[in-house]
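Engineer: Got a predicted structure plus its sequence, pasted below:
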Amino acid sequence: VFVHKEGIPVGRSAAIVMLTSFFDELYFAVVFPIIFFVVGGDRLFDGPMGHELMLFASIGYGIKLAYLLLLSYGLFLNPIGLKWLIVKIFSLPGLRRWRPGAVKAGTDIVRSAIEIRRYRPMFWLKSFAATFLSWSSRYLVANALFLAFFSISDHLLVFARQLAMWIMMLVAPTPGGSGFAEYIFSNFLSDVIPVGASIQVGTAAVIALLWRLVTYYPYLIMGVFILPKWLGRSFGKKEPVVSQKAN
């Protein structure tokens, strides 16, 4: 809806949203297993909460992979069939209140499938490359923050844990992972900080706050100022144009 309100046709706006989601999930589905085997599960999920964190990451990865497979099926193989399945699911007792939204989502998938058939191979290559650079840069923010204060010897491990944290945040019990993200960051990355063991967690907590100030809270602050104005401009009532006849 937001993209369409910027003047982009419905079919193309639906395709943009669906493909953006597709490339995001493809990044996690491809990169996380590679990082897991390169770094090693024992090192990636080291520490007293290692088993619990691995479980969280596994559940989050499973959800992302299932969503990617479902989206791929709808976009590339059988969009009408997926729409039918979605509508049927939300026609069940207890889910019927969301049926109109399900119909809309199914229609968006069909429109997106029609739109993406026009795209050439170079589009797919460039889009995935842009997605890869975008997400990787986001995770490297933690590396940069550590470098501002310490000399870190294993940057790949820091990057890998950032990736695992983001997947874990998918199943976090709080909106945006608030509180959960800071807590996991403090405990999950404290052992890479080259300071005394007694102050590692406290130091990591300070860096976790800086990390969220850079990567999360600016979006909330900007949204407070930008979203109301945009909603007023895009959805507000427009004064009718009254034509005056020449006397």
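Structural biologist: Looks like it arrived, so ask away.

Engineer: Which pLDDT value does the model give Ile34?
Structural biologist: Per-residue confidence at Ile34 stands at 94 (pLDDT).

Engineer: where does it fall, phi/psi-wise?
Structural biologist: phi -60, psi -50 (degrees, to the nearest 10).

Engineer: Tell me how many other residues crowd it.
Structural biologist: When neighbours are counted by other Cβ atoms under 10 Å, Ile34 registers 11. Quick note: C-beta positions are derived from backbone N, CA and C, even for glycine.

Engineer: Buried by neighbour count: which residues of stretch 186-194 qualify?
Structural biologist: Ser186, Asn187, Phe188, Leu189, Ser190, Val192, Ile193 (16 or more other Cβ atoms under 10 Å).

Engineer: distance of the closest residue to Gln162 other than its chain neighbours from Ser112?
Structural biologist: In this structure, Gln162 finds its nearest non-sequential neighbour in Tyr139, 4.0 Å apart by Cβ to Cβ, 6 or more residues apart in numbering. Shown here: Tyr139 relative to Ser112, a distance of 28 Å by Cβ to Cβ, to the nearest Å.

Engineer: Of those two, which one has the most company?
Structural biologist: Counted by other Cβ under 10 Å, Tyr139 and Ser112 do not tie: Ser112 has more neighbours, with 25 against 19.

Engineer: Which residues does the lowest-mean-pLDDT helix or strand in the chain contact?
Structural biologist: Ranked by mean pLDDT, DSSP states H and E, the helix or strand of the chain with the weakest confidence is helix 2-5, at a mean of 76. For helix 2-5, contacts defined as Cβ atoms under 8 Å, 6 or more residues apart in numbering pick out Val10, Ser13, Ile16, Val17, Ser234, Phe235.

Engineer: Identify the farthest-apart pair in the residues you listed.
Structural biologist: Ile16 and Phe235 (19.7 Å; Cβ to Cβ).

Engineer: Tell me which of these two has more neighbours.
Structural biologist: Neighbours were counted for Ile16 and for Phe235 using other Cβ under 10 Å; Ile16 has more, 16 against 10.

Engineer: what's the offset of the host helix or strand of that one from the middle of its chain?
Structural biologist: Applying DSSP states H and E as the criterion places Ile16 in helix 10-39. Relative to its parent chain, helix 10-39 has a centroid offset of 9 Å by Cα atoms, centre = their mean, to the nearest Å.

Engineer: Cool, thanks, signing off.
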